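Undergrad: Pasting the sequence and the predicted model now:
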Amino acid sequence: MINGQKIWTSGAHYSDYGILLTRTDPTVAKHKGLTMFFLDMKSPGVEVRPIKQASGASDFNEVYFTDVRIPDSQRLGNVNDGWNVSLTTLMNERMSIGAGVATGFPELFDFCNSLMLEDGPAIENRAVRSKLASWAVKASGLKYTSMRAISALSRGERPGPENSIGKLVAGSMIQDVATYALDLQGAAGALSGPEDAEVAGKFQAMLLRAPGTRVEGGTDEIMRNIIAERVLGLPGDIRVDKDVPFNKIPTKGRA
Ligand SMILES: Cc1cc2nc3c(=O)[nH]c(=O)nc-3n(C[C@H](O)[C@H](O)[C@H](O)COP(=O)(O)OP(=O)(O)OC[C@H]3O[C@@H](n4cnc5c(N)ncnc54)[C@H](O)[C@@H]3O)c2cc1C
């Protein structure tokens, strides 16, 4: 019987099926007592509540589970081995975000090509060209990093921790690119919406979406830890609750 709540579930309001990580043994360390299942999103006791975002869209949801039953035939992997199963799904997720996420660079380049500043075309401005050049280098690094990941997949390899690099770099890059585009728009940058804003509000929409990219699939800080520990082989972060049974981790009075 499953009870609980999960926030930020992307696309749950469209989904027929979901995957769910449940805590099946609270008396062992937090990574150990987890089991993964897939479930029919129409199962009795599953309630999906869409979240309204700053952009006005609703892409994510809060999902509530009340006395939900999932047959054992829908278990993914062994009982209490859900953490290992979820590492596979997480590395696939990070690879797909990192390989697929827009950087905003082609849009910024086009925008600068058509924009007139007080002293002439933006594309001829030295400060603008310097910014464009450094983002061009980053965008091409990302492109080849994602091609390397796709080549590895085509050889039958599984996505590894190095796929955190694309998500980390692209997530902050699109935020910086969108901020710069709005700076170039001056006061007009404060307008949003496809009718009022410059370039149909493309950069405003990018800026509102970007923080989500830096959190979904693991935050920037977690990506940095993964890259440091599992790609570069640096010493591990201090994890004070790593071996503490889940039900003994202090919760400041919360159940
Ligand atoms: C747009 C969006 C879509 C999402 N879609 C889904 C989805 O479809 N399915 C799903 O299951 N989840 C989804 N999520 C949830 C997402 O995966 C989590 O929000 C994310 O992994 C961060 O976990 P958390 O919210 O528990 O943050 P926490 O782990 O509570 O982190 C809070 C803060 O503490 C920092 N922090 C935590 N641990 C460390 C550490 N060891 N060192 C340094 N800093 C640390 C984090 O970086 C963060 O700033 C989505 C989230 C967003 C924003």
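TA: Happy to help now that I have it. Quick caveat, the model's predicted, so the values are computed rather than measured. Residues are numbered from 1 along each chain as shown.
Undergrad: List the buried residues of the top strand by length along the chain.
TA: As assigned by DSSP state E, the longest strand anywhere in the chain is strand 60-68. Of all the residues in strand 60-68, those buried under the rule 16 or more other Cβ atoms under 10 Å are F60, N61, V63, F65, V68. Just so you know, the C-beta spots here come from the backbone N, C-alpha and C atoms, and that holds for glycine as well.
Undergrad: residues from the stretch 151-255 of the chain in reach of the ligand?
TA: Residues of the stretch 151-255 of the chain lying near the ligand by Cβ under 6 Å from any ligand atom: G212, V215, E216, G217, G218, T219, E221, I222, N225, D237.
Undergrad: Look up the pLDDT of the residue in the stretch 51-200 of the chain that the ligand sits nearest to for me, please.
TA: For the stretch 51-200 of the chain and the ligand, the shortest gap (Cβ to the nearest ligand atom) falls at F60, measuring 5.1 Å. For F60, the pLDDT comes out at 92.
Undergrad: residue contacts, it?
TA: Shown in contact with F60 (Cβ atoms under 8 Å, 6 or more residues apart in numbering): I7, W8, T9, S10, G11, A12, P50, I51, Q53, G212.
Undergrad: Wait, the first one touches Y64, no?
TA: Same thing as I7. No. Counting by Cβ atoms under 8 Å, I7 does not reach Y64; the two are 10.1 Å apart.
Undergrad: ok, the spatially closest residue to A205 that is not a sequence neighbour - contacts?
TA: The shortest distance from A205 to any residue other than its chain neighbours is 6.1 Å, reached at S55 (Cβ to Cβ, 6 or more residues apart in numbering). Listed by Cβ under 8 Å, 6+ apart, the contact partners of S55 are A205, L208, R209.
Undergrad: Among the residues you listed, name the ones in helices.
TA: Among the contacts of S55, DSSP state H puts A205, L208, R209 in helices.
Undergrad: Which one of those is nearest to the ligand?
TA: R209 (8.1 Å).
Undergrad: Find me the pLDDT at that closest one, would you?
TA: Note for R209: predicted pLDDT of 89.
Undergrad: Excluding chain neighbours, what is closest to it?
TA: Nearest to R209 is S55, by Cβ to Cβ, 6+ apart, at 6.8 Å.
Undergrad: Tell me the secondary structure at that neighbour.
TA: Secondary structure assignment for S55 (DSSP: H, G, I helix; E, B strand; the rest coil): coil.
Undergrad: I'd like to check which residues are in contact with M206.
TA: So M206 contacts A102, G104, E107, I174, Q175, V177, A178, A181 (Cβ under 8 Å, 6+ apart).
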